[in-house]
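Q: Sequence and predicted structure are below.
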Amino acid sequence: MPRIRRAGIVAALAATPFALAYRFALIYRGRAGFPTPRPPQRTPADLGYAYEDIDVPAGGGLTLPGWFVPAADGQPGPGVAVVHGWESARDRLLPMIQFLHAAGFHCVAVDVRGHGANGAEILPITAGEFGADALAAWQALDARPEVTSGAMLGHSMGAIGAILAAAAEPRVAAVVATSSPADPWRLTRQTFRLARLPFPDVIAYPLAWLTTRVYLRPRGHVVADISASEALRRIARPVLLVHGTEDAVVPVAHLDRLTRITVAAGHTAETLVIEGGQHSWLYEFPEYRRTVASFLARSLGGPLSPDVAAARAEAVDARRLPDAVRPPTQIELEPGGFRSLVRRSAPAVDRAASPEDAANGDAPHTADPIATEIAG
């Protein structure tokens, strides 16, 4: 066999694994990056609270729908911007608003772009968009004449958003991050597990590394810029990290990593591990409500003493609200294993690569199972 031909065959064989991995990454991006918007089913009025519908500018001509829920009859005092997770909406935050309101905090909640009452997005949603919209929510809170100082509280992807917002805005007085992923590529690796894709670690970790970078490319993000781990290095304000021991979506090891990185950067972070807590609904645990309210009262200087705020928050019967009937989540429909790989190999439109679809009126894909469970 001629030497040049042999070299060509060797090069082709060497390139084949990368080509397959890159194709997988494109399919992942096209299917996993687009949450299904689920408009809110309830408002604060359903819990007996006065509130105001607000429009929150988020840059680039985008306006996010949101609520301002005043506490203490609208008297001046501190507030909290609350951010939901993946494929969720602001009404899922109402139980959190319940106990924060009882502790005396004004609240702002918005629908992150591509979620809730917003329209579907053309480019994939990343932690960067959660960070930008979390910052927009905090700015809307900070602009209120009733609000004297403000903190962030986020869940899951919203927790990353809260951390990113605090790293970008030094006036954010404190951060509560609940069930936060540590960084994008570890989250991608975890989504492979959620979909039960049969990748051994020796393949899964480099594939997650590549897939994450392909996923972020349409929005122009760099991994380090939208990593909770990296952002925590830049936050020298009070931080509370909360996780459940039974979190199967974002394992509690992510909290351990976030804590180690914060300490290594010379900062401190308070932590709360909820025994038996899962990924969502940690507000149903009295310990969660008590700890968060006390932390925020200490960090924001009121409006109540930490002990009183903790007692009032703990006394609230905060429970997940009944939902109207919804279709099963994509993770529930996922066959798993090799059947999932076959599904991944089917042709899929990469929405990020086809911005002209917007002009044609095409709708983006339904959220993929390997992202749907990162919810609020």
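A: Perfect, thanks for sending it.
Q: roughly how far apart are the closest residue to residue 205 other than its chain neighbours and residue 40?
A: Distances taken as Cβ to Cβ, 6 or more residues apart in numbering place residue 189 nearest to residue 205, at 6.1 Å, with adjacent residues excluded. In short, each C-beta sits where N, CA and C put it, glycine included. Counting by Cβ to Cβ, to the nearest Å, the gap from residue 189 to residue 40 is 32 Å.
Q: I'd like the distance between the most centrally placed residue in the chain and residue 264.
A: Note on the chain: the residue nearest the mean C-alpha position is residue 157, at 1.0 Å, using Cα atoms, centre = their mean. To residue 264, residue 157 is 24 Å away according to Cβ to Cβ.
Q: Which neighbours in the sheet does the strand ranked longest in the chain have, and how are they oriented?
A: In the chain, with assignment by DSSP state E, the single longest strand is strand 147-155. Strand pairing for strand 147-155, using DSSP bridges, gives strand 77-83 (parallel), strand 175-178 (parallel).
Q: what ranges do the helices span in the stretch 1-150 of the chain?
A: In the stretch 1-150 of the chain, the helices defined using DSSP state H, counting those that start in this stretch lie at 3-32, 94-102, 127-142.
Q: what about dumping the CA coordinates of the last one to PDB?
A: So that's helix 127-142. What follows is helix 127-142, C-alpha atoms only, in PDB (Å, rounded to 0.1, in the frame of the first residue of the first chain):
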ATOM      1  CA  ALA A 127     -26.200  29.300  32.500                       C
ATOM      2  CA  GLY A 128     -25.100  32.600  31.000                       C
ATOM      3  CA  GLU A 129     -28.700  33.500  30.200                       C
ATOM      4  CA  PHE A 130     -29.800  32.500  33.700                       C
ATOM      5  CA  GLY A 131     -27.000  34.800  35.100                       C
ATOM      6  CA  ALA A 132     -28.000  37.800  32.900                       C
ATOM      7  CA  ASP A 133     -31.700  37.400  33.800                       C
ATOM      8  CA  ALA A 134     -30.900  36.900  37.500                       C
ATOM      9  CA  LEU A 135     -29.000  40.200  37.400                       C
ATOM     10  CA  ALA A 136     -31.900  41.900  35.600                       C
ATOM     11  CA  ALA A 137     -34.200  40.700  38.400                       C
ATOM     12  CA  TRP A 138     -31.900  42.000  41.100                       C
ATOM     13  CA  GLN A 139     -31.700  45.400  39.300                       C
ATOM     14  CA  ALA A 140     -35.500  45.600  39.100                       C
ATOM     15  CA  LEU A 141     -35.600  44.800  42.900                       C
ATOM     16  CA  ASP A 142     -32.800  47.400  43.600                       C
END
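Q: Pull out the buried positions in it.
A: 127-142 (16 or more other Cβ atoms under 10 Å).
Q: Ok, the shortest one next?
A: Buried positions in helix 94-102, judged by neighbour count with 16+ other Cβ under 10 Å: 94-102.
Q: Only C-alpha atoms, please: export it in CSV.
A: What follows is helix 94-102 as a C-alpha-only set of coordinates in CSV (Å, rounded to 0.1, in the frame of the first residue of the first chain):
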residue,chain,number,x,y,z
LEU,A,94,-44.4,31.1,45.3
PRO,A,95,-43.6,28.7,48.3
MET,A,96,-40.3,30.5,48.7
ILE,A,97,-41.9,33.9,48.4
GLN,A,98,-44.3,32.7,51.2
PHE,A,99,-41.6,32.2,53.8
LEU,A,100,-39.5,35.2,52.6
HIS,A,101,-42.6,37.4,52.9
ALA,A,102,-43.2,36.1,56.4
